[in-house]
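Peer 1: sequence first, then the predicted structure, then my questions.
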Amino acid sequence: MSALPSAVGRTLTQTGEDGSQSAGQSVAEEAFLPTCEEVPCAPNILRPEGEIKLEARSLNMYYGSFQALRNVSMAIPERRITALIGPSGCGKSSFLRCFNRMNDMIDGFRLEGDVLLEGNDIYRRDLDLAYLRKRVGMVFQAPNPFPMSIYDNIAYGPRLHGRPDRSELDQIVEQSLRQAALWDEVKDKLRQSALGLSGGQQQRLCIARVLAVQPEVLLMDEPASALDPTATFHIEELMLQLMEHYTIVIVTHNMYQASRVSQYTGFFLMGELVEFGHTEQIFETPRDKRTDDYIRGRFG
Amino acid sequence: MLRTRQAFDEQLEQLQQRLLQFGTFVEAMVDKAIRALTYQDLNLAREVIAEDDTADHMDVEIEQMCMHLIAQQQPMGSDLRVIGSTMKVIADVERIADYAVDIARIAIALADTEYFKPLVDIPRMAELVRHMLRRGLEALIKRDMDMTREIIEMDDEVDALWRKLRAQLEDIMQERPLVVPQAVYLLLVARYLERIGDHVENIAERVAYVETGQLTNLAPTHRTDYQPESFNGAPGRAIQHDEGKPSGGW
């Protein structure tokens, strides 16, 4: 994974590609960007209070000639759940994938602007992608356990990133499964195939697998859309518990889910971030008429 | 262009029409109660008392409509504000119906009493609060914030009439002890009408909320005119009308 070319086709920006600045530093060490002052925001884009974990500044993203994001600036607060909503094709998933560079491999992908993790540019040329993705983990729409045992699914990441001994590994597996609220259900069958689990259990296993490498950020792309209501509520409950230790960004088509779990919500439309604010504000008193129309289901 | 949630839009429209009907019904109750009082019409007074069941029924029905819409349609944004506000507003309208019933009961109590003077200011107050109620609900449904200003002005007039009536009735009670029972009843009627004005003001405050999401107190200094402590044996009319103290409230 780390063999990916970094900063694929990226347009040079003033601060983002400062070769001299990061030259000679280890890949794991990240250089601070010189310009950390607030980017002026549109009136309906809130800058959350508290520590900012992730930040996008004036992002323009293209797939070939198609512009997927238009001048998007958003600051994502630490240890909170931030939901991204909007109709299909609005750019919310593309935006989410910027934060661990999942778009890099897509043909014709081009990015302008800055994406920062704790103030550090993650599109730097020398950035270690494996290291980035360890810090910023991702959970996908369909549960995708590896075709191996429950135990090996969880142990996969830690084995990749280090050489933990047996007891360390046991501990990581148990702790991750406990954090993902799955331990009690699988502790007696850790050696069985993960594919035998229910959909909801598989999704929690995938979350446990991400947690096993001790990330700081969890990106979730429609994590519950393939699950039944009970399994969905399990995932939502789990997210609220995980919020204590992790920064969570979730893309969801289900705005009721966004309103239940998140503290901040961003509404995207045709590549533009129309409004970003406290979740209650977005769903009760949206400022932009387009937001109101969308959450009321009145998009014709 | 494909229209979404047409059925929901129609249900919201029905809800607002039902609220308007409720308001019209209660406005008529106030009108009848005051006419019953003015013309000492027992039958009309009894009619108002009987209509209270219908008003209560409408209140419950509209609340249920709101609950069903919340459960079935999961309203968000301005739809949510409309439905939430409707639930608040029907409580005000229902309370106004209760005041109409209270006035009708007083009309029955005073049916055989000869008024010491013809009722003029009380019907005038009633006319104002009825107009306010009609305009308030209209403003809510049309989301017309200009209309709410008109309501505030009318409420100022209602408050002025209440102060004037109270002063007059105090004078009369001191001069003619025999009419005190009737004057007390009329004082109550005036107070009920003044309270109806305040309930309409609550409704008017919802207009801005539905339209902008801002919850505001339209007339924070309004409820300042009644100070019961000044009745505590104070000679004459010792009430300071326009001090900014909060009402002791009835």
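Peer 2: The structure has been received and is ready for your questions. Numbers count the residues shown, from 1 in each chain, chains lettered A, B, ... in the order given.
Peer 1: I'd say B:R134 and B:E27 touch.
Peer 2: Yes - with contacts counted by Cβ atoms under 8 Å, B:R134 reaches B:E27, the gap being 5.9 Å. For every residue, glycine as well, the C-beta is placed using N, CA and C.
Peer 1: higher neighbour count, the two?
Peer 2: B:E27 (22 against 16; other Cβ atoms under 10 Å in any protein chain shown).
Peer 1: now do the contacts for that one.
Peer 2: B:130, B:133-134 (Cβ atoms under 8 Å, 6 or more residues apart in numbering or on different chains).
Peer 1: distance of it from A:E272?
Peer 2: Using Cβ to Cβ, to the nearest Å, B:E27 is found at 47 Å from A:E272.
Peer 1: what's the answer for B:E127, then?
Peer 2: 53 Å.
Peer 1: contact partners for the residue of the stretch 101-250 of chain A found nearest chain B?
Peer 2: Of the stretch 101-250 of chain A, the residue with the smallest distance to chain B, taken as Cβ to the nearest Cβ, is A:P229 at 13.8 Å. By Cβ under 8 Å, 6+ apart, A:P229 lies in contact with nothing.
Peer 1: equivalent analysis for A:S176, please.
Peer 2: A:154, A:208-209, A:211-212.
Peer 1: please redo it, this time with the cut-off set to 10 Å
Peer 2: A:153-155, A:157-158, A:182-183, A:205, A:207-214 (Cβ atoms under 10 Å, 6 or more residues apart in numbering or on different chains).
Peer 1: and the residues you listed, which is closest to B:A33?
Peer 2: Set against B:A33, the nearest of these by Cβ to Cβ is A:I207 (64.4 Å).
Peer 1: that closest one reaches A:L219, doesn't it?
Peer 2: No - counting by Cβ atoms under 10 Å, A:I207 sits too far from A:L219 to count as a contact (11.5 Å).
Peer 1: what touches both of those two?
Peer 2: A:137, A:139.
Peer 1: and the residue nearest to B:R195 when sequence neighbours are not counted, how many neighbours?
Peer 2: Nearest residue to B:R195 in three dimensions, chain neighbours excluded: B:Y99, at 6.3 Å (Cβ to Cβ, 6 or more residues apart in numbering or on different chains). When neighbours are defined as other Cβ under 10 Å, B:Y99 has 23 of them.
Peer 1: please apply the same query to A:C90.
Peer 2: 22.
Peer 1: quick one: contacts for it?
Peer 2: So A:C90 contacts A:68-69, A:84, A:267-274, A:294 (Cβ under 10 Å, 6+ apart).
Peer 1: what subset of the residues you listed is also close to chain B?
Peer 2: A:Y294 (Cβ under 10 Å from any Cβ of the partner chain).
Peer 1: excluding its backbone neighbours, what's nearest the closest residue to chain B within chain A?
Peer 2: In chain A, the residue that lies nearest chain B is A:T285 (2.8 Å; Cβ to the nearest Cβ). Leaving aside its sequence neighbours, A:T285 sits nearest to B:G213 (Cβ to Cβ, 6+ apart; 2.8 Å).
Peer 1: my guess is A:S94 contacts A:N103, does it?
Peer 2: Yes - using Cβ under 10 Å, A:S94 makes contact with A:N103 at a distance of 6.4 Å.
Peer 1: can you pull out the strands in chain B?
Peer 2: Remark: strands of chain B are absent; assignment by DSSP state E.
Peer 1: near chain A, which residues of chain B?
Peer 2: B:1-5, B:8-9, B:12, B:73-81, B:84, B:209, B:212-215.
Peer 1: which residues of chain A lie near chain B?
Peer 2: A:255-256, A:259, A:281-287, A:289, A:291-300.
Peer 1: what about those residues, which are in helices?
Peer 2: In this view, the residues of chain A next to chain B that belong to helices under DSSP state H are A:255-256, A:259, A:281-284, A:289, A:291-295.
Peer 1: so which of those residues wins on neighbours?
Peer 2: A:I282 (30 neighbours).
Peer 1: so that one sits right up against A:I85, yeah?
Peer 2: Yes - with contact defined as Cβ under 10 Å, A:I282 reaches A:I85; the gap is 8.3 Å.
Peer 1: what's the overlap in contacts for the two?
Peer 2: Between them, A:I282 and A:I85 share the contacting residues A:255, A:258-259, A:262, A:265-267, A:291, A:295, judged by Cβ under 10 Å, 6+ apart.
Peer 1: which residue lies nearest the spatial centre of chain B?
Peer 2: B:I196 (2.3 Å; Cα atoms, centre = their mean).
Peer 1: need the contact list for that residue.
Peer 2: Counting by Cβ under 10 Å, 6+ apart, B:I196 has contacts B:26-27, B:30, B:92, B:95-100, B:103, B:125-126, B:128-130, B:132-133, B:155, B:158.
Peer 1: among those residues, the buried ones, what's the PyMOL command?
Peer 2: Burial among these is assessed by 16 or more other Cβ atoms under 10 Å in any protein chain shown; the matching PyMOL selection reads:
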select buried, chain B and resi 26+27+30+92+95+96+97+98+99+100+103+125+126+128+129+130+132+133+155+158
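Peer 1: continuing past the strand or helix carrying A:F267, what's the next helix or strand?
Peer 2: Using DSSP states H and E, A:F267 sits in strand A:264-269. Downstream of strand A:264-269, the next assigned helix or strand under DSSP H and E is strand A:272-278.
Peer 1: before we move on, the earlier item: of all the shared contacts of A:I282 and A:I85, which two lie farthest apart?
Peer 2: It's A:S262 and A:T291 that sit farthest apart of these, by Cβ to Cβ, at 14.6 Å.
Peer 1: can you pull out the low-pLDDT segments for chain B?
Peer 2: B:1-2, B:219-250 (pLDDT under 70).
Peer 1: please consider this matter closed, and thank you.
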